[in-house]
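Chemist: next input, structure requested:
(2 chains)
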Amino acid sequence: MEWYDFLFFIEVLVGGLLSGVMYSLVAIGFVLIYKTSGVLNFAQGAMLLFAALTFVSLVERGIPFALALAITLLIMVALGFAIERTVLRPLVNRSPMTLFMATLGLSYIIEGAAQLLWGTQVHGLDLGIDDTPFEVYGVFISKFDLVAAGLAAAMVGGLSAFFHWTRIGLAFRAVADDQFAALAVGLRLNRIWGTVWTAAGFVALVAGLLWGARLGVQFSLSLVVLKALPVLVLGGFDSILGAIVGGLIVGAGEKLAEVYLGPFVGGGIEGWFAYALALAFLLVRPGGLFGKKLVERV
Amino acid sequence: MTFFRSITAAAIAAAVSFGATVVRADEQHFPLQSYRVGPYAAGGTGFFGGFIDYLNLINIRDGGVNGVKLTWSEGETQYEVEKGVEVYERLKSNPGIAAWNPLSVGIAYAMIDRVTQDKVPLLTINHGRTDTTDGRVFPYVFPLLLNPYSETSGIVNYIASKEGGVESLKGKKIVVLYHGSPYGKETIPIYELLAEKYGFTVSQIEVPHPGNEQQAQWLQIRRERPDYVVLRGWGVMNPVALKTAQKTGFPAAKIIGNVWSNSEEDVIPAGDAAIGYTAITTQASGNTYPVVQEIQKVVYDAGKGNLEDKNRIGSVYHNLGIVNGILNVEAVRIAQEKFGQRTLTGDEVRWGFEHLKLDPARVEALGAKDLFHSINVTWDNHEGEGYVTFQQWDGKKWNVVSDWIAPDWALLRPIIEKSSEAYAAEKGIKVRTAEDADAIVN
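Modeler: You can find the predicted model right below:
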């Protein structure tokens, strides 16, 4: 491999890893809900769209950036608690498939409500982060992607600290381990679930802003969940670390596959390669790289 | 707030469409498979808004077309094919239908057999299946102004004009970045053909749907160091392409967008990365054209405008809707000259479209000088030799940067006929003659 080709390989790899971090941002929202309630929240993409659309609509109405961020966060908190109260609580103890279908329906409701409230126009979102590249030994690296990676790292660090060193984090872990045991020791499940949905709303806001700055704030934002699903299969549905590692593997894997395998099969393989990778992992390690092994008494 | 405006607009739309669906004597009806919600709502509201605004202008200003009032009814499709077909089946029994205008490749494909059986024109302005240009095989389908092959030729001719003529294309390198769908792939053989003819090299790279991740493709582009990149995108793929180009150091000024990568919705989300980007169009944007100004004065000032946001008047999709309205209304007018000033049948309107000739003088008389160039539809050429122009985004608005350019129709016609004749053979369709086209069947 010549030096130029090697540099190109590094560039594809770095670009892929940084893209993977963006997938991880979405995947973390799924993990939070799944970890504590066992629900695969398909509405995470719709929440991301709702958060970004709300924020950008407020900013366009002249509300200062920080205030718009605070108002959006409050709205996401209210949304989180409303979902817990009106959807999850009445469906408690139903099968995982029922809960999944409920979140699927919820995603359509949130998408529709977002367009009804804020209109159907496409919006640009400028977070003030420069998206021009800089060169390191001939390799172009995006400043925006680096900032996104930094934010993701900070969020993972913050969430990990929250789970390990706070009382509510301890309660989360207790609920994640065994809901009935958690109830038996007096933990209020409803409040915990409400808080978890709020946290997922916060993650949706951060991911929505970063993805919105990348794609524009538009309906297609809700489709980024499709990138998060193979990440979850790879990393495990209940591991934040898994979401990060899974995102990096998917991001790097699909970019390298597109560049080096794509030309042999006509190109355009990026869309399904991540799923093929996830499927292969599923066959050898059903719980994902960092997911909890499911052991059931039969 | 938008929510309350939406409720009011929905109530008014319901009332209007209820009134509009009841077609009385001397009314010509346009059923609309619109999409005002869902992923492509921004384009749908602009296009159908412009179309309805023009129909309203004709009704308010002229009392209809020679006294025949224009009516319409809407069915929401969300750009989904099955919903589009459902709306077709629901609205097709409305009396006095002039033509269908779905503005969706998928829905149009699903309607070809249906409209042929029901004998009502199907318009796919600037899009649709290329070989429907051949009216000998597709009597009821009209890809007005521009089919995908002509678009390809128009883009190559524009690049040639920038380089100093077609001779200068020799040795150039062009990358086509296309959407991973039948729409995106349709022009692959034409780029190959033109590359061979003019001596440039072409590399065609696919972006999987929806196109929200393009790092790998743009790194490949950077490695190939092309002279130009043609962006044949759709939806979110377009702003992501422009942003990723910036991220990988490729200049926007060297990117040429196709007709579905040319709207404000494609560039605004890309922010500064879109400045200098150029795209093809059949209709210029802006509100300086007399017909657009008249719509503002007659329709919007009377509170009957269809767009919720008046700032969108004159946008790319709104102006496309207006031009589409002009073409529909003029086809009805031409058909009336032959069949009488009354409600026409679908087949009579088909005849009108097959005689739709608007030269630059007539276009100017309609208040659309420089909005679009001209059209000349015949019984066997359903595209109508539309000219194209190119607009450049300056960060706030599109600016026209070229003259009107003619695609190489003579080169493309044999390829189109080969495809349409193969379709006719496969489906057992009798190829029409000029006499067949002149006969009215209902």
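Chemist: and the residue lying closest to B:Lys243 once chain neighbours are set aside, what is it in contact with?
Modeler: Nearest non-adjacent residue to B:Lys243, counting by CB to CB, 6 or more residues apart in numbering or on different chains: B:Ala273, 4.8 Å away. Yep, even glycine has a C-beta here, placed from its N, CA and C like the rest. Applying CB atoms under 8 Å, 6 or more residues apart in numbering or on different chains, one finds that B:Ala273 lies in contact with A:Asp131, B:Pro239, B:Leu242, B:Lys243, B:Ala245, B:Gln246, B:Ala252.
Chemist: which of those residues sits closest to B:Val175?
Modeler: B:Ala245 (10.9 Å; CB to CB).
Chemist: isn't that closest one right up against B:Ile255?
Modeler: Yes - with contact defined as CB atoms under 8 Å, B:Ala245 and B:Ile255 form a contacting pair (6.2 Å).
Chemist: shared neighbours of those two, anything?
Modeler: Listed as contacting both B:Ala245 and B:Ile255 by CB under 8 Å, 6+ apart are B:Val229.
Chemist: am I right that A:Phe9 is in a helix?
Modeler: Yes - under DSSP: H, G, I helix; E, B strand; the rest coil, A:Phe9 sits within a helix.
Chemist: measure it to chain B for me?
Modeler: Per CB to the nearest CB, to the nearest Å, A:Phe9 is found 10 Å from chain B.
Chemist: pLDDT score for that residue?
Modeler: Per-residue pLDDT puts A:Phe9 at 93.
Chemist: what are the pairing partners of the helix or strand where B:Lys69 lies, and which direction each?
Modeler: Using DSSP states H and E, B:Lys69 maps to strand B:69-76. Here strand B:69-76 is paired, per DSSP bridges, with strand B:27-34 (parallel).
Chemist: buried ones in the strand it pairs with, by neighbour count?
Modeler: B:Glu27, B:Gln28, B:His29, B:Phe30, B:Pro31, B:Leu32, B:Gln33, B:Ser34 (16 or more other CB atoms under 10 Å in any protein chain shown).
Chemist: returning to what we had before: distance check, the residue nearest to B:Lys243 against A:Gly124.
Modeler: For B:Ala273, the distance to A:Gly124 (CB to CB, to the nearest Å) stands at 10 Å.
Chemist: how about the helices of the stretch 1-150 of chain B, start to end?
Modeler: Using DSSP state H, counting those that start in this stretch, the helices found in the stretch 1-150 of chain B span residues B:2-21, B:41-62, B:81-91, B:105-118, B:148-163.
Chemist: looking at the ones you listed, which is closest to chain A?
Modeler: Closest approach to chain A among these is made by helix B:41-62 (3.4 Å; CB to the nearest CB).
Chemist: how about the residues of the stretch 201-350 of chain B that lie near chain A?
Modeler: Within reach of chain A by CB under 8 Å from any CB of the partner chain, the stretch 201-350 of chain B has these residues: B:205-210, B:212-213, B:215-217, B:219-220, B:222-223, B:235-236, B:239-240, B:243, B:246-249, B:265, B:268-271, B:273, B:308-309.
Chemist: among those, name the buried ones.
Modeler: Buried, going by 16+ other CB under 10 Å: B:205-210, B:212-213, B:215-217, B:219-220, B:222, B:235-236, B:239-240, B:243, B:246-248, B:265, B:268-271, B:273, B:308, out of these.
Chemist: surely A:Glu254 is in contact with A:Gly268?
Modeler: No - contact criterion CB under 8 Å: A:Glu254 and A:Gly268 do not qualify, at 11.4 Å.
Chemist: which one of these two has more residues nearby?
Modeler: In this view A:Glu254 and A:Gly268 are compared by other CB atoms under 10 Å in any protein chain shown, and A:Glu254 has more residues nearby, 30 against 22.
Chemist: returning to that earlier point: can you put the contacts of B:Ala273 in TSV and add pLDDT?
Modeler: Below are the contacts of B:Ala273 laid out as TSV (pLDDT from 0 to 100):
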residue	pLDDT
A:Asp131	80
B:Pro239	94
B:Leu242	97
B:Lys243	94
B:Ala245	95
B:Gln246	92
B:Ala252	97
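Chemist: can you redo these as JSON lines with distance to A:Leu289 and secondary structure?
Modeler: Formatted as JSON lines, those follow (distance: CB to CB, whole Å; DSSP: H, G, I helix; E, B strand; the rest coil):
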{"residue": "A:Asp131", "distance to A:Leu289": "31", "secondary structure": "coil"}
{"residue": "B:Pro239", "distance to A:Leu289": "33", "secondary structure": "helix"}
{"residue": "B:Leu242", "distance to A:Leu289": "35", "secondary structure": "helix"}
{"residue": "B:Lys243", "distance to A:Leu289": "31", "secondary structure": "helix"}
{"residue": "B:Ala245", "distance to A:Leu289": "34", "secondary structure": "helix"}
{"residue": "B:Gln246", "distance to A:Leu289": "34", "secondary structure": "helix"}
{"residue": "B:Ala252", "distance to A:Leu289": "40", "secondary structure": "helix"}
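Chemist: ok, so of those residues, who is nearest A:Arg214?
Modeler: Nearest to A:Arg214 out of those is B:Lys243 (CB to CB; 6.4 Å).
Chemist: residues contacting that closest one?
Modeler: When contacts are taken as CB under 8 Å, 6+ apart, B:Lys243 is in contact with A:Asp131, A:Arg214, B:Ala270, B:Gly271, B:Ala273.
Chemist: tell me where the stretch 51-200 of chain A has helices.
Modeler: Shown for the stretch 51-200 of chain A, the helices assigned by DSSP H, counting those that start in this stretch span residues A:65-83, A:96-118, A:143-165, A:167-177, A:179-184, A:189-215.
Chemist: quick one: mean pLDDT over stretch B:427-440.
Modeler: Mean predicted confidence for stretch B:427-440 is 95.
Chemist: the helices of the stretch 1-150 of chain B: which one's closest to B:His318?
Modeler: Taking the helices of the stretch 1-150 of chain B one by one with CB to CB, helix B:41-62 is closest: 4.1 Å.
Chemist: elements contacting that closest one?
Modeler: Contacts defined by 3 or more CB pairs under 8 Å, 6 or more residues apart in numbering or on different chains; DSSP states H and E place helix B:41-62 against strand B:27-34, strand B:69-76, helix B:290-294, helix B:316-339.
Chemist: residues of the third one that come out buried?
Modeler: The one in question is helix B:290-294. Within helix B:290-294, the residues scored as buried using 16+ other CB under 10 Å are B:Val291, B:Val292.
Chemist: dump it to PDB, keeping only the CA atoms.
Modeler: What follows is helix B:290-294, C-alpha atoms only, in PDB (Å, rounded to 0.1, in the frame of the first residue of the first chain):
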ATOM      1  CA  PRO B 290     -45.900  39.600 -13.700                       C
ATOM      2  CA  VAL B 291     -47.900  36.400 -13.200                       C
ATOM      3  CA  VAL B 292     -46.400  35.900  -9.700                       C
ATOM      4  CA  GLN B 293     -47.000  39.600  -8.800                       C
ATOM      5  CA  GLU B 294     -50.600  39.300 -10.000                       C
END
